[in-house]
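Colleague: What follows is a predicted structure for the sequence shown.
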Amino acid sequence: MDSKAIQELIAQYAPDAAAIGLRAATALTMLLVGYWIAKFASGLVRTAMAKRSIDATLTNFIVKLVFCILFALVAIPALGHAGIQTASVIAALGAAGLAVGLALQGSLANFAAGVLLIAFRPCRVGDWVDAGGCSGTVESISLFSTILLTGDYKRIVIPNSQVMSDAITNYSVMPRRRIDLIVGISYDADMRVAKDILKKLVEADERILKDPAPTIAVSELGDSSVNLICRPWVATADYWPTRWKLTEDIKNEFDAAGVGIPYPQMDVHFHKED
């Protein structure tokens, strides 16, 4: 091929090559700028979530999600500007996303529930809760499951969708709790003596709070007993030790004072037939 033919080819294809190069350079610039914007915006999101003390697992996920969404919003137009057909790519990604979503419905439900648990914090690690039909201390909350430790140290892994689908009772979140005791005494026992004993025991225990004031009253006249209620308030951490000690002291003091605690009785009659 002589020099004239080469010059003709250059003259024919040079404009197209220059246009392609320009589009490629523009697309690359768009990608670089989009990457920088996505990185900057995701950094702002990380800083904002860190200031609110949001869980690190959720923070990392949200930051990556924001980065990917923003970068994708720039990358697709950039590829189209470079001459790449993006419609088929978008359609393929959409179909793949739909298939994955249908296959992972349960996992996605657990994931969504995990995001809500971490974001709204109905319970935290170390809290004693009733959740998902189980009771125990929260050991960890991940994006897919919540782990509880029971009182006898069994480990229960509960899917987050099960936790969020039912009521969550948190016994540790409030600084104080009320002890509810019902004490039955016999009808022939001196009710004033029984109430004085309860009042004395409540006042003697330093763990019982003065405010709110304890409640000691007659709740009902039962079939076989007069039922008294004793409702003192304690710090949440002192709930069970105080309840156990108070129950034992009530029994001992009632026995010493001769206040009878009735128990169910049954009379059996035998009839002799001739």
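Modeller: Thanks, I have it.
Colleague: which stretches of the protein aren't confidently modelled?
Modeller: Low-confidence segments of the chain (pLDDT under 70): 1-22, 54-58, 80-107, 264-274.
Colleague: which stretches of it form strands?
Modeller: Counting by DSSP state E, the chain has these strands, from start to end: 128-131, 134-141, 145-149, 155-159, 169-170, 176-178, 181-185, 215-221, 226-231, 233-235.
Colleague: quick one: strands adjacent to the third one?
Modeller: For strand 145-149, the paired strands and their directions (DSSP bridges) are strand 134-141 (antiparallel), strand 155-159 (antiparallel).
Colleague: How about the shortest one?
Modeller: Based on DSSP bridges, the pairing partners of strand 169-170 within the sheet are strand 128-131 (antiparallel).
Colleague: State the distance from the residue nearest the centre of the chain to residue 51.
Modeller: Closest residue to the average C-alpha location of the chain: residue 117 at 3.6 Å, with C-alpha atoms, centre = their mean. Counting by C-beta to C-beta, to the nearest Å, the separation of residue 117 from residue 51 is 20 Å. Just so you know, the C-beta spots here come from the backbone N, C-alpha and C atoms, and that holds for glycine as well.
Colleague: from memory residue 222 sits against residue 184, does it?
Modeller: Yes. The criterion here is C-beta atoms under 8 Å, and residue 222 meets it with residue 184 at 6.5 Å.
Colleague: neighbour-wise, which of the two wins?
Modeller: residue 184 (18 against 12; other C-beta atoms under 10 Å).
Colleague: Show me the beta-bridge partners of the more buried one.
Modeller: Note on residue 184: beta-bridge partners by DSSP bridges are residue 227.
Colleague: Next up, the contacts around it.
Modeller: Applying C-beta atoms under 8 Å, 6 or more residues apart in numbering, we find residue 184 in contact with 222, 224, 225, 226, 227, 228, 261, 262.
Colleague: if we go to 10 Å?
Modeller: 194, 219-220, 222, 224-228, 260-263 (C-beta atoms under 10 Å, 6 or more residues apart in numbering).
Colleague: Now a PyMOL select for only the buried ones of those.
Modeller: Buried residues among the contacts of residue 184 (16 or more other C-beta atoms under 10 Å), as a PyMOL selection:
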select buried, resi 194+225+226+228+260+262
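Colleague: Tell me the one among the contacts of residue 184 nearest to residue 61.
Modeller: residue 219 (51.0 Å; C-beta to C-beta).
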